[in-house]
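In: Have a look at this prediction, sequence included:
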Amino acid sequence: MLRCFIFLLMASSLSAKPNVVFIAIDDLANDCTHTPHIDRLAASGVRFDRAYNQIPLCNPSRASVLTGRRPDATQVYDLDRHFRDALPDVVTLPQLFRQNGWFTARVGKIYHYDVPKGIGTDGLDDKPSWQLVMNPKGRDVADEKLITNPTPQKPVSAALSWLAADGTDEEQTDGMIATEAIKLIEQHRDEPFFLGVGFFRPHTPFVAPKKYFDLHPLESIRLPEAPADDRSDIPVAAFAHNNPTPHYGLDELTCRQALQAYRASVSFVDAQVGRLLDALDRLKLADNTIVVLWSDHGYHLGEHLGIWQKRTLFEEGARAPLIIRAPGAAGNGRACARVVEFVDIFPTLADLASLTPPSTLDGRSLRPLLNDPAHEWDGIAITQIVRPADDRLPAMVMGRSIRTERWRFTEWNGGADGLELYDHNKDPHEFYNRAHLPNAEASALMKQLHVQFEDRAIQQPRPSLVNPKRL
């Protein structure tokens, strides 16, 4: 009876067609500092502390979120392929809202773009998803020549590169994105809308106005610590092909400067999120607007003796920020420790808007957890990544990882190129790989977890579908 009352209360707080503000932040790590506006959103919604993306790379992750399908269904593993090549008739998340009478629009990066060269273009957008798209292009693109790149052999898009920029927030691309999104909210406040707002930072290059660097004094910046032998029990395939050398071979001071710039970029984007939240309050739309904030994947900031960026199946890469504020949800203001997946976002929003989602979705609605974050939940999460053949690996390899509330189990090429098993009750930083211990209990556990890959049809990649140069 109580559960029924909670669901009725939640339903009564939303109109038949609630608005949706769908905020994507590119390359947002799980552990960031000075984010008062994201914290404000979390304090009024449900923060999912164990939310896992399906593949820690921009294009395939976004394709998975927006179709509600796993990468083996979208067949998107790299940065080039479009999901409609494999699923030409798929109904995307915004497309479902559009078909049911919502005004749908995108400002900035929701589907994949190359950064920074794709800023101002449509990138790998999906026309059926939107009635209107906007692609702002700010001074950060024109200022690219001013960016510090300590590894000039790498483009700024793939390097630990940064710029403490002159000018105002509104001159930067992400500031312009917030401005245009607010205008759209104002213009369409009297009809139901689904608005995708995609921020480019903190994706490299780490660019933000100088005042945000001041929030993170260099003398306060410390790199993550790890045991000196941390890498000794980790398979070679676990380390991304684009970051084979710890810290890219850079000295500690340079890495600390990069980390400062990353955090400055996060604080800059946080300020833009604040502008959106303020606009919803000013226009008195907050009580009928679902706000979702997510990042396409997690992000490494020097963990495991020098891993940076993405493309790993460690906790830092597989776990990603997710906050959902649904007006009237009984769980608002609380954190949820249950294991959930990003393929759950699509069915959750459909459920909250009383829409019938496609029957092919791979996730399930998180509505029970929005009402009670401690609700009984048998969640597991599957994350995968492809490694191209290189001087470390003789052939292309798929890594696949399963996360339960206690364990992370990862196998590379079905185990032929390595196994990893981490006990998060005792080892939350994944320093001690238990996969090769002479332990019958661990062996039995790995066999049990292995079966769940097959249950979810997590496959080895078909090389014809993967462009190794664009992984």
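Out: In hand now; what should we look at? Residues are numbered from 1 along each chain as shown.
In: Kindly indicate whether the nearest residue to Glu430 once chain neighbours are set aside is helix, strand or coil.
Out: Nearest residue to Glu430 in three dimensions, chain neighbours excluded: Tyr422, at 4.3 Å (CB to CB, 6 or more residues apart in numbering). For glycine as for every other residue, the C-beta is placed from the backbone atoms N, C-alpha and C. Here Tyr422 is strand, with the state taken from DSSP: H, G, I helix; E, B strand; the rest coil.
In: who touches Tyr422 in this structure?
Out: Taking CB atoms under 8 Å, 6 or more residues apart in numbering as the criterion, Tyr422 is in contact with Glu315, Trp407, Arg408, Glu430, Tyr432, Asn433, Arg434.
In: Please look at Asn100 and Leu355 and confirm they touch.
Out: Yes - judged on CB atoms under 8 Å, Asn100 makes contact with Leu355 at a distance of 5.7 Å.
In: Would you mind checking the average pLDDT for the helix or strand that contains Leu184?
Out: Per DSSP states H and E, Leu184 falls inside helix 173-187. Taken as a whole, helix 173-187 has a mean pLDDT of 98.
In: Which parts of the stretch 1-150 of the chain are helices?
Out: With DSSP state H, counting those that start in this stretch, the ranges of helices along the stretch 1-150 of the chain come out as 2-13, 36-44, 58-67, 71-74, 93-99, 139-142.
In: Sitting in strands, which of the contacts of Tyr422 do you find?
Out: The strands in this structure, assigned by DSSP state E, contain Trp407, Arg408 from the contacts of Tyr422.
In: Enumerate the beta-bridge partners assigned to Arg400.
Out: Gln384, Glu411 (DSSP bridges).
In: Now for it: which residues touch it?
Out: Residues in contact with Arg400 (CB under 8 Å, 6+ apart) are Leu313, Ile382, Thr383, Gln384, Thr410, Glu411, Phe453, Ile458.
In: Which pLDDT value belongs to it?
Out: As predicted, Arg400 sits at a pLDDT of 95.
In: worst-scoring helix or strand of this protein, pLDDT-wise?
Out: Least confident helix or strand, the chain: helix 2-13 with a mean of 50, by mean pLDDT, DSSP states H and E.
In: residue boundaries of the strands in the stretch 201-350 of the chain?
Out: 206-209, 289-295, 300-302, 307-309, 322-325, 334-336, 340-341 (DSSP state E, counting those that start in this stretch).
In: Let's have those strands in CSV, adding mean pLDDT.
Out: As requested, those are exported to CSV (pLDDT from 0 to 100):
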stretch, mean pLDDT
strand 206-209, 98
strand 289-295, 98
strand 300-302, 97
strand 307-309, 97
strand 322-325, 98
strand 334-336, 98
strand 340-341, 98
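In: Minimum distance to Leu79: which of those has it?
Out: strand 307-309 (13.3 Å; CB to CB).
In: Show me the contact partners of the closest one.
Out: Outside strand 307-309, the residues touching it (CB under 8 Å, 6+ apart) are 27, 158, 160, 204, 239-240, 242-243, 246-248, 258, 299-302, 314, 316.
In: taking the helices of the stretch 1-150 of the chain together, which one is wrapped up most tightly?
Out: Across the helices of the stretch 1-150 of the chain, the average number of neighbours (mean count of other CB atoms under 10 Å) peaks for helix 58-67, which reaches a mean of 27.
In: Phi first, then psi, for the closest residue to Phe103 other than its chain neighbours.
Out: With sequence-adjacent residues excluded and distances taken as CB to CB, 6+ apart, Phe103 is closest to Phe193, at 4.5 Å. Reported as degrees, to the nearest 10, the phi and psi values for Phe193 are phi -130, psi 150.
In: thought Phe193 was touching Ile185?
Out: Yes - between Phe193 and Ile185 there is a contact at 7.3 Å, judged by CB under 8 Å.
In: Asp230 and Ala165: what is the separation?
Out: 35 Å (CB to CB, to the nearest Å).
In: who's more crowded, these two?
Out: Ala165 (24 against 18; other CB atoms under 10 Å).
In: In contact with the more buried one, which residues?
Out: Contacts of Ala165 by CB under 8 Å, 6+ apart are Arg139, Asp140, Asp143, Leu146, Gln172, Val207, Ala208, Pro209, Lys210.
In: still on that earlier bit, report the angle between the very next helix or strand once past the helix holding Leu184 and strand 289-295.
Out: Using DSSP H and E, the helix or strand that follows helix 173-187 in sequence is strand 193-199. Between strand 193-199 and strand 289-295, the angle comes out at 30 degrees (axes from the mean of the first three to the mean of the last three CA atoms, to 10 degrees).
In: What lies in contact with strand 193-199?
Out: Counting by CB under 8 Å, 6+ apart, 19-26, 94, 97-98, 102-110, 130, 174, 177-178, 181, 184-185, 269, 272-273, 276 sit against strand 193-199.
In: swap the cut-off to 6 Å and go again
Out: Strand 193-199 is contacted from outside by 19-25, 94, 97, 102-110, 174, 181, 184, 269, using CB atoms under 6 Å, 6 or more residues apart in numbering.
In: Now restrict the residues you listed to buried residues only.
Out: Taking 16 or more other CB atoms under 10 Å as the criterion, what is buried in the contacts of strand 193-199 is 19-25, 94, 97, 102-110, 174, 181, 184, 269.
In: hang on, the earlier thing: export the helices of the stretch 1-150 of the chain to a markdown table and tack on distance to Ala326?
Out: Formatted as a markdown table, the helices of the stretch 1-150 of the chain follow (distance: least, CB to CB, whole Å):
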| stretch | distance to Ala326 |
| --- | --- |
| helix 2-13 | 7 |
| helix 36-44 | 10 |
| helix 58-67 | 18 |
| helix 71-74 | 27 |
| helix 93-99 | 15 |
| helix 139-142 | 33 |
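In: So for Ser464, which of these sits nearest?
Out: helix 71-74 (14.2 Å).
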